[in-house]
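Participant: Take this sequence and fold it.
(one chain, ligands or ions: 3)
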Amino acid sequence: MISFKEAEQIVLRNLMDLGKELVPLENSVGRVLAEKIYADRDFPPFDRVTKDGIAIRFQSYENGNKLFKIQETAAAGSAQVTLSHPNDCIEVMTGAMLPKGTDTVIMYENLLLKDGNAIVEIAPQKSQDVHSKGSDEHSGSVLLDSGNLITPAEIGVLATVGKSEVKVKKLPKIAIVSTGDELVNIDEIPEPHQIRKSNSWSLKAALKSQGIIGELLHFRDSKEALLEGLGKAIDNYDVLLLSGGVSKGKFDYLPEVLEKLGVKKLFHRVLQRPGKPFWFGLNDFCTLFAFPGNPASTFANFHVYFLPWLRSSFGAQTDRCHAVLNERFENTTDLTRFILADAQLSQGTIKTNLVKDNGSGDLTSLARSNGLICFDSNRNYEVGELVPFYPTKKIL
Ligand SMILES: Nc1nc2c(c(=O)[nH]1)N[C@H]1C(S)=C(S)[C@@H](COP(=O)(O)OP(=O)(O)OC[C@H]3O[C@@H](n4cnc5c(N)ncnc54)[C@H](O)[C@@H]3O)O[C@H]1N2
Ligand code: MOO
Ligand SMILES: [Mg+2]
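Facilitator: Ligands and ions are numbered 1, 2, ... in the order given. Predicted coordinates:
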């Protein structure tokens, strides 16, 4: 059996090149940018007035002039006007081009307007209330990098440089495969020996939060059914997320069936809890994450292996961060432990308590937690220690 660190490295060494596609700007939020975005002009593109008021030549005020005759008004969206006489002013609106021949803006609140003149009541500073051309970014500079997650802030930048279509990383086509004769659909009443498929829906929801619509497939615990069904699925999807059928049971056929289907096993079984019987492999076109069926195992392995793999395949950052422990923990086992977290953001730091669960078959405790903490094997952890933290919910 390999360690969690080794397993993690193998998964992250086998990323998928997802390719790129063009999508309309409005559909690009949540996607990962696959091109650099350059400033198509200076930002701002002209000396921009930032207050409603007047624009003057500061020298005139310095020379003792306090009464400026208003030459005309420049609105935002009108072409640049020119000050004809250095001791006059131009009324300007926020967003207008600073008139030629002026360098300073004085807002209305600091003026008295009377008989076509503006009288300065509060002393201005030179260049005040002017957002000068190119002071945010110069034309040609990189505004967004490939690998950036597109959020509403990036959408604004993309819109301002005129990107009506954006190059993003393609999303993989994923099937979520449940296996097991005990599983029934959620709209069915289970017999006493049956349970409803919960992993499939939890995985589907987790994929949806990554912008991916996973398709649900189900196969019975039969070698023939698995050979036929999985054979087709491997040909039709980029990724299979399987749950169940990978441990030591008489009906845990997946490792054998996957081998028969020519999928290359990269590892099976990891020194970790939950999620120990995890099987990972691939062929040239499809990558398979065969998670152990217990709900906490599937859930943990999705977050600690699959999500970092997906984000890294996109060339994007992973969600893994660090949290400060609020309580001590002793890992007396040879296994890496993933313990459910109840984390809070406190003074800019993620601090976390541990959530008690009832083993890896207990899926109700997953809903009482908001992350997973990773504890190395055979190590004691003290209060205040920093530990790897995988968020499973938003904690802000
Ligand atoms: N002799 C051993 N037995 C087991 C070992 C072991 O090392 N030696 N490992 C245990 C561990 S750890 C885990 S985790 C499980 C993994 O089991 P499988 O991957 O083979 O999964 P199944 O046997 O098919 O099911 C296990 C459990 O999970 C439930 N399940 C499966 N799929 C779903 C689903 N889609 N939704 C909800 N629940 C699901 C299933 O009903 C079982 O209760 O093996 C241990 N055994
Ligand atoms: O790997 Mo298992 O998840 O400990 O039940
Ligand atoms: Mg089993």
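
Participant: Kindly state the pLDDT recorded for residue 25?
Facilitator: At residue 25, the predicted lDDT confidence score is 98.

Participant: what about residue 157, which SS state?
Facilitator: Here residue 157 is recorded as helix under DSSP: H, G, I helix; E, B strand; the rest coil.

Participant: Identify the residue nearest it in space, chain neighbours excluded?
Facilitator: residue 143 (5.3 Å; Cβ to Cβ, 6 or more residues apart in numbering). (Glycine included, C-beta is placed from N, CA and C.)

Participant: quick one, strands of the stretch 201-350 of the chain?
Facilitator: 215-219, 239-243, 264-268, 270-273, 279-282, 287-291, 321-325, 329-331, 336-346, 349-354 (DSSP state E, counting those that start in this stretch).

Participant: Between these, which one is closest to ligand 3.
Facilitator: strand 239-243 (10.6 Å; Cβ to the ion).

Participant: Any chance you could list what contacts the closest one?
Facilitator: Contacts with strand 239-243, where a contact means Cβ atoms under 8 Å, 6 or more residues apart in numbering, come from 16, 172-179, 199-200, 203, 207, 214, 230, 233-234, 254, 286-293, 298, 302, 306.

Participant: what's the longest helix seen in the chain in contact with?
Facilitator: If you go by DSSP state H, the chain has its longest helix at helix 223-236. For helix 223-236, the external contacting residues (Cβ under 8 Å, 6+ apart) are 173, 175, 177, 179, 217, 219-220, 240, 245, 253-254, 256-258, 260-261, 263, 283, 285-286, 288.

Participant: Could you pull out the buried residues of it?
Facilitator: 226, 227, 229, 230, 233, 234 (16 or more other Cβ atoms under 10 Å).

Participant: Equivalent analysis for stretch 207-223, please.
Facilitator: For stretch 207-223, by 16+ other Cβ under 10 Å, it's 207, 210, 212, 214, 217, 218, 219, 221.

Participant: Next: stretch 158-165.
Facilitator: Within stretch 158-165, the residues that qualify as buried are 158, 163, counting by 16+ other Cβ under 10 Å.

Participant: Please compute how far that stretch lies from its chain's middle.
Facilitator: 20 Å (Cα atoms, centre = their mean, to the nearest Å).

Participant: ok, residues contacting that stretch?
Facilitator: 22-25, 28, 37-40, 43, 143-144, 150, 166.
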